[in-house]
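Chemist: next input, structure requested:
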Amino acid sequence: TRLAAPHYLLREVPALAGEGKKHRCHPIVGPRTGAREPPAGQIDVLIGREIETKAMRSAWRDAVTRGEQRTLLITGSVGVGKTRLVDDFLAYHCSESLIVAAAATPHRADTPYAVVADLLRGIADLSSRQRPHSRSRLLAAIAEILRANTSDGADILEAFKLVVDPGAAPRVESWIEVARARVYRGVRALLERVAGRRPLVMVIEDLHWADSASREIVRTLVESPSHATGPLLLLITLREEEGIEAEALLPETHASLIHLNEFDEGARQRLIVNLLGELGTDRLVAEIERRAGGSPLFIHELCRAIREIGESEPVEIPETVHDVIASRVDGLPAPLKVVLQHAAVIGPSFRESILARLITRNPARPLAELRNRGFLAPTVNITVPYHSTAGVSDKFERQWGFRHVVVQEVIYGSLDAADRDDIHRRVSEIMTRRAKRQTNDPPAEVARHLELGGQGARASQYYLRAANDAATAYANREAAELFDKALRLAPGDDADLQY
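Modeler: Numbers count the residues shown, from 1 in each chain. Presented below is the predicted three-dimensional model:
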């Protein structure tokens, strides 16, 4: 098994009894092509990305051999398979390495250092026996790493407080001027410390949605690679049609570019046949190929819909990827559909505790079922400070995310406007009650729900709070945009805000 597993997909079956003992048996499904282990009963291997996987393996091999940093920037249109390529590469070519991952999302674009904060949590997790999700434990774990690796650890740790909690940072102009440089030095020192012990892969997904402060740190990490880190591979994904080209985010860098195109005819046919299995008649394969073209996301969603129907000759095949996602959602049992719709309003990622209060019941079972159906996936779990009469304690919160942001966008857009606004209003009420207990919901996110829920005046106050946090973190672009939103929504007689 140890020799075969790197080269072949193996399936677990019950042990065979013989000669007084049981023998483990692993039938070979097929050769590995850089794919993730398929779910039970389904062979879902990565298809059509052999050249790209080979380039990634070459860069990683070079990083390990030389003990240096290498950076790969993976670009492509929505649904072309950037995340799938990265996931499969990590699963099958980095199994002996340490992995730290962060993902930018649209609703956190106004939160300074949001991506960097996720990276700090990931690095701290690698070096701590107890997962240090709370702010105090996170900073303690970071301090332990820095203590053995840098002489200015105390200064860097002070700057990291700005990353973890921008509102708590000191408002001293001279300190703010050097804060970003210290954040960069701290992140670099952490990476060198971790990669020096074991090969490290750092993944940053959807950089086009990242806040400007995080982008600047990532840009500096790429443009100034350390040659003493030990093996370090930076994998960065970017959707170019968001109006931002790769060169605009990381100009003249040391990154190698991998651009993903849609599948050619051979790859799309192999993928459809692989996903449909026994349902894949020649007519159906041809029809799916005609409708979906070379879009991997469209092909996967169509094949999921057909497998859920369980018929090889469905009455009608949707024309667009949005139509097929909407069709799959409409076919869900009512309790699952309600959970999915409320989750879509909260955002591309959401906390299970907020969803539970929103639907007034425990969502654990529906979430597990939606995960099995390919709509949702658990993300990084965190703890937040919880203030009560007994004092301050750390409260665990589980986080979830949509497997693809297009799915969240389709579900959100399909809701009646009045229903959508009402859910936003209820989410904002939940978040503002949590804010009174100083639970860590970013003020910009609270403001967004207040605004979309029709409470502009209250949203203005939260946008103002978020703007001040961004200004403290020296994230000037975010601060200007947030101040503009606060002014736009402020009542005309709010003289203090106007000033």
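
Chemist: just want the most central residue of the chain.
Modeler: The centroid of the chain falls nearest to residue 103 when counting by CA atoms, centre = their mean (3.5 Å).

Chemist: for that residue, phi and psi?
Modeler: phi -140, psi 130 (degrees, to the nearest 10).

Chemist: surely it meets residue 206?
Modeler: Yes. Under the criterion of CB atoms under 8 Å, residue 103 makes contact with residue 206 at 5.7 Å. Where you see a C-beta, it was placed from the backbone N, CA and C, and this is true even at glycine.

Chemist: on that earlier part again, tell me how many other residues crowd the residue lying closest to the residue nearest to the centre of the chain once chain neighbours are set aside.
Modeler: Spatial nearest neighbour of residue 103, excluding adjacent residues (CB to CB, 6 or more residues apart in numbering): residue 205 at 4.0 Å. Counted with other CB atoms under 10 Å, residues neighbouring residue 205 total 22.

Chemist: where does the closest residue to residue 163 other than its chain neighbours fall, phi/psi-wise?
Modeler: Nearest residue to residue 163 in three dimensions, chain neighbours excluded: residue 113, at 4.2 Å (CB to CB, 6+ apart). Residue 113 has phi and psi values of phi 60, psi 20 when expressed as degrees, to the nearest 10.

Chemist: with residue 398 instead?
Modeler: Torsion angles, degrees, to the nearest 10, at residue 398: phi -90, psi 140.

Chemist: enumerate every residue touching it.
Modeler: By CB atoms under 8 Å, 6 or more residues apart in numbering, residue 398 lies in contact with 351, 352, 353, 378, 381.

Chemist: for the first one, which non-adjacent residue is spatially closest?
Modeler: Right, residue 351. Residue 351 sits nearest to residue 397 (CB to CB, 6+ apart), 5.0 Å away.

Chemist: distance check, the one you found against residue 64.
Modeler: According to CB to CB, to the nearest Å, residue 397 and residue 64 sit 36 Å apart.

Chemist: please apply the same query to residue 139.
Modeler: 31 Å.

Chemist: higher neighbour count, those two?
Modeler: With neighbours defined as other CB under 10 Å, residue 139 and residue 64 compare such that residue 139 has more, 20 against 17.

Chemist: in what helix or strand does the more buried one lie?
Modeler: Element membership of residue 139 [criterion: DSSP states H and E] is helix 135-147.

Chemist: how far is that helix from where the chain is centred?
Modeler: 23 Å (CA atoms, centre = their mean, to the nearest Å).

Chemist: what's the next secondary structure element after it?
Modeler: Moving toward the C-terminus from helix 135-147, the next helix or strand (DSSP H and E) is helix 153-164.

Chemist: packing partners of that following helix?
Modeler: helix 114-127, helix 135-147, helix 173-195 (3 or more CB pairs under 8 Å, 6 or more residues apart in numbering; DSSP states H and E).

Chemist: apply 10 Å and report the result again.
Modeler: helix 114-127, helix 135-147, helix 173-195, helix 212-223 (3 or more CB pairs under 10 Å, 6 or more residues apart in numbering; DSSP states H and E).

Chemist: am I right that the residue nearest to residue 351 is in contact with residue 378?
Modeler: No. Applying CB atoms under 10 Å as the test, residue 397 and residue 378 come out as separate, 11.8 Å apart.

Chemist: mutual contacts of the two, please.
Modeler: residue 352 (CB atoms under 10 Å, 6 or more residues apart in numbering).

Chemist: who has more neighbours out of those two?
Modeler: The neighbour comparison of residue 397 against residue 378 (other CB under 10 Å) goes to residue 397, with 17 against 13.

Chemist: thinking again about what came up before, bridged to the residue nearest to residue 351, which residues?
Modeler: residue 382 (DSSP bridges).

Chemist: the stretch 1-150 of the chain: helices as residue ranges?
Modeler: Applying DSSP state H, counting those that start in this stretch to the stretch 1-150 of the chain gives helices spanning 50-66, 82-93, 114-127, 135-147.

Chemist: what comes up buried for the last one?
Modeler: Spelled out, it's helix 135-147. 135, 137, 138, 139, 141, 142, 145, 146 (16 or more other CB atoms under 10 Å).

Chemist: nearest to residue 183, of those residues?
Modeler: The nearest member of these to residue 183, counting by CB to CB, is residue 142 at 11.5 Å.

Chemist: if I look at the closest one, how far off is residue 442?
Modeler: With CB to CB as the criterion, residue 142 and residue 442 are 20 Å apart.

Chemist: returning to that earlier point: how much space separates the residue nearest to residue 351 from residue 194?
Modeler: From residue 397 to residue 194 the distance is 26 Å (CB to CB).

Chemist: what do you get for residue 75?
Modeler: 27 Å.

Chemist: which stretches of the stretch 1-150 of the chain have low pLDDT?
Modeler: Applying pLDDT under 70 to the stretch 1-150 of the chain picks out residues 1-24, 26-44, 127-134, 148-150.

Chemist: how confident was the prediction at the closest residue to residue 179 other than its chain neighbours?
Modeler: Nearest residue to residue 179, sequence neighbours excluded (CB to CB, 6+ apart): residue 159, at 4.9 Å. As predicted, residue 159 sits at a pLDDT of 83.

Chemist: now do residue 218
Modeler: 93.

Chemist: number of residues surrounding it?
Modeler: 27.

Chemist: with residue 223 instead?
Modeler: With other CB under 10 Å as criterion, residue 223 counts 14.
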